[in-house]
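Enquirer: I would like to see how this sequence folds:
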Amino acid sequence: MLGLMIAFAPLGQAELTIDITESADDGIPVAVVPFASSGVPVDISSVVNADLARSGYFKMLAEQYMRSRPSSASAVQFPEWQALNQNYLVVGQVGGGAGGQYNVQFQLLDVMKNGQLLGYQMNSSTADLRRTAHLISDLIFEKLTGKKGAFSGRIAYVTNNKQQSQLQIADTDGFDPQTIATSQEPLMSPSWSPDKSRIAYVSFERKPAAIYVQTLATGQRTRVAEFPGINGAPAWSPDGTKLALTLSKDGSPDIYTLNLGTGALTKLTKSFAIDTEPVWSPDGSNIVFTSDRGGKPQLYIVSSIGGGEKRITFSGDYNARASFSPDGKSIAMVHGNGGDYRIGVMDVGSKSINVLTTGPADESPSFAPNGTMILYATKKGGTAYLSAVSLDGKMQQRLAFNNGGVREPAWAP
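Expert: Next up, the predicted model:
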């Protein structure tokens, strides 16, 4: 494997740091009381508080304003929290520790109704304490919003410095980063399989680009496309049996689908222009792609079995790099005017575009699996980093990598 090193190893500490740069003042008031614990290596309540804070849905109460620290519902004095104008309260405790095993309990309380909304007891190991905290956040988020949480998911991204390119995955808050592949040549376009067990990506390790599929649990990978010319932009079908990709083996770059079981290729577009960046609709019936066949990059749609290509974006002089929301009702994209590139979201029904970010160099949007946030890459002051924005634009986060630039984000489904 010339020029490439395959790995699935932890880096030892968080390589991403998250700063909330804009927050919602009208969020639901929630207080997460520090969990009662002794000698636990992870502050679970702090992780839960941070998760809920960066969702854009909640206004968290700072610990300094808490008058007491109850760890169970029976110890809560509800008038005290009503006086602090809190709608909901989270209390809990972590016990055990022998042999690295812990018992985690938490309760979500309705302050105004003086009652419990949610209560769980779960076991966790030292290695899984952060994952347990994210799971608690998911449960609370779903109970209060009716939408599934996405805190316990993973993100993939590519880091670059002068020496090498690395494909990495991490928790959504940047912790537990793991290196999937390292190369002296560029790595690009990571794409998660629907079951999150594999990642497809582009590598230039053999000089011409090739597309690989790698199993995360074992590190085993397969080179699935290395045709003459361009091999790029892999995207998984919703059932995990195919990849949509860009190939130029017949001349100009076109959109193809590749059956991973049989190796059969199906050509979907045929144009003298550049057709690239395919993405499947959630029901698998259509593929949206970027094409400059109209003179400038715009988004087009084609049936996933071919035929009926149609342009779908008309606002702005540049629209590219589509990402479908999980419900298929919205498409995030890079929306450009006059060299200024921002992240916009188009309503599929009305075709109206709502611009969420300030630019001027935003790219590679990727929807969270619950559709509430969009992860994207940007660059300011010569530094490439990731950001996330809530679907209403009220919550903005900056995810900075502490050793080189970071780009090409992909949120696991």
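Enquirer: now stretch 177-196: buried residues?
Expert: 177-183, 187-193 (16 or more other CB atoms under 10 Å). C-beta here means a position set from N, CA and C on the backbone, and glycine is covered the same way.
Enquirer: out of these, who's nearest Gly146?
Expert: Trp192 (25.0 Å; CB to CB).
Enquirer: contacting residues for the closest one?
Expert: 156, 198-199, 236, 410-413 (CB atoms under 8 Å, 6 or more residues apart in numbering).
Enquirer: which strand residues bridge it?
Expert: Ile199 (DSSP bridges).
Enquirer: what distance do you get for it to Gly99?
Expert: Distance from Trp192 to Gly99, counting by CB to CB, to the nearest Å: 34 Å.
Enquirer: which helix runs longest in the chain?
Expert: helix 129-145 (DSSP state H).
Enquirer: assign a three-state SS to the residue lying farthest from the centre of the chain, would you?
Expert: Centroid-distance maximum for the chain: Pro79 at 39.1 Å, with CA atoms, centre = their mean. For Pro79, the assignment made with DSSP: H, G, I helix; E, B strand; the rest coil gives helix.
Enquirer: hang on, Ala50 is in a helix, isn't it?
Expert: Yes - counting by three-state DSSP, Ala50 falls inside a helix.
Enquirer: how many residues are close by it?
Expert: 19 (other CB atoms under 10 Å).
Enquirer: try Asn49
Expert: Counted with other CB under 10 Å, Asn49 comes out at 24.
Enquirer: same question, Met395
Expert: Residues near Met395, counting by other CB under 10 Å, number 23.
Enquirer: could you do Thr246 as well?
Expert: Using other CB under 10 Å: Thr246 sits among 28 other residues.
Enquirer: which elements pack onto the helix or strand where it lies?
Expert: Here Thr246 sits within strand 242-247, counting by DSSP states H and E. Under the contact criterion of 3 or more CB pairs under 8 Å, 6 or more residues apart in numbering; DSSP states H and E, strand 242-247 touches strand 210-215, strand 221-225, strand 231-236, strand 254-259, strand 275-280.
Enquirer: export the ones you listed to a markdown table and tack on distance to Gln121?
Expert: Converted to a markdown table, the helices and strands packed on strand 242-247 look like this (distance: least, CB to CB, whole Å):
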| stretch | distance to Gln121 |
| --- | --- |
| strand 210-215 | 34 |
| strand 221-225 | 40 |
| strand 231-236 | 36 |
| strand 254-259 | 46 |
| strand 275-280 | 40 |
